[in-house]
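Colleague: below are the sequence and a predicted model; questions follow.
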Amino acid sequence: TRAAWLAIIVSTMLAIAWQRTISQRMKYAVTLLLLALVLSTYFSVASVRERVNLGWYELTKELAEVADTSVGLRRQYWWASMQMIQDHPLVGVGRFQFAKEKDRLVDAGLLTQAAKQYEHPHNELLFAWSVVGVLGLLGVLLLYLVPGYFFWQQGRSEHRLIRQWALMGSMVVVSYGVFGAVDVMLMAWVMQVPVYVLSVALPMAVILIRKRQR
């Protein structure tokens, strides 16, 4: 998906910035090379160009004209989520109640009929806040921020192996964060939680073990 493309680009740029064994000039050169690769892919691969252009069109066009498109539906869901948060800011509408509340907005004519087809708003933080309230929002934020802060701290280590594992963990967190902006995994797909936890727990464990051995 386009979100996965973006996650790959952002994670790769993070990996470039993370490096301490190459000069700043080399980092700029590699970054420019990456951007050139991205642009050449955009201009030379028609299917990629069409997907990107379509996504941008659906994001920037008046919602009434693109309401039932992929991005248009997401924009509707984000708006619906904000309405639910305004009405229930502390405790949310309740688990498994998002679709019911969304359908109520559809029946009221505030969303299109096509908006009935999904049961989450395609945004991790909005979904957590709208259905579970402030505690849900804080819970998802902590899943991102706690390991993210840990890896950022360890990324400044003088030990190369620790920095490498910190980079891998950071790339996982960043990728989930980018993808979570346009879809829902942790709150909607139960099996994604242990996958994510294991993906960040493994590099954290290796780093802690390595630090004890020093």
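Modeller: Cool, the structure landed. Numbers count the residues shown, from 1 in each chain.

Colleague: report all helices and strands that the stretch of helix or strand I9 belongs to contacts.
Modeller: I9 is part of helix 2-18, with elements assigned from DSSP states H and E. The elements that helix 2-18 packs onto, with contact taken as 3 or more C-beta pairs under 8 Å, 6 or more residues apart in numbering; DSSP states H and E, are helix 24-44, helix 46-60, helix 160-180. From N, CA and C alone the C-beta is placed, and that goes for glycine too.

Colleague: mind saving the C-alpha coords of it as PDB?
Modeller: Output in PDB follows, covering the C-alpha atoms of helix 2-18 (Å, rounded to 0.1, in the frame of the first residue of the first chain):
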ATOM      1  CA  ARG A   2       1.000   3.600  -0.300                       C
ATOM      2  CA  ALA A   3       1.400   3.800   3.500                       C
ATOM      3  CA  ALA A   4       3.900   0.900   3.400                       C
ATOM      4  CA  TRP A   5       5.800   2.800   0.700                       C
ATOM      5  CA  LEU A   6       6.000   5.800   2.900                       C
ATOM      6  CA  ALA A   7       7.000   3.800   5.900                       C
ATOM      7  CA  ILE A   8       9.900   2.200   3.900                       C
ATOM      8  CA  ILE A   9      11.100   5.700   2.800                       C
ATOM      9  CA  VAL A  10      10.900   7.200   6.300                       C
ATOM     10  CA  SER A  11      12.600   4.200   7.900                       C
ATOM     11  CA  THR A  12      15.400   4.300   5.400                       C
ATOM     12  CA  MET A  13      16.000   8.000   6.000                       C
ATOM     13  CA  LEU A  14      16.100   7.200   9.700                       C
ATOM     14  CA  ALA A  15      18.700   4.600   9.100                       C
ATOM     15  CA  ILE A  16      20.800   7.000   7.100                       C
ATOM     16  CA  ALA A  17      20.600   9.700   9.800                       C
ATOM     17  CA  TRP A  18      21.400   7.100  12.400                       C
END
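
Colleague: how many degrees apart are that helix and helix 24-44 in direction?
Modeller: On the basis of axes from the mean of the first three to the mean of the last three C-alpha atoms, to 10 degrees, helix 2-18 is oriented at 160 degrees to helix 24-44.
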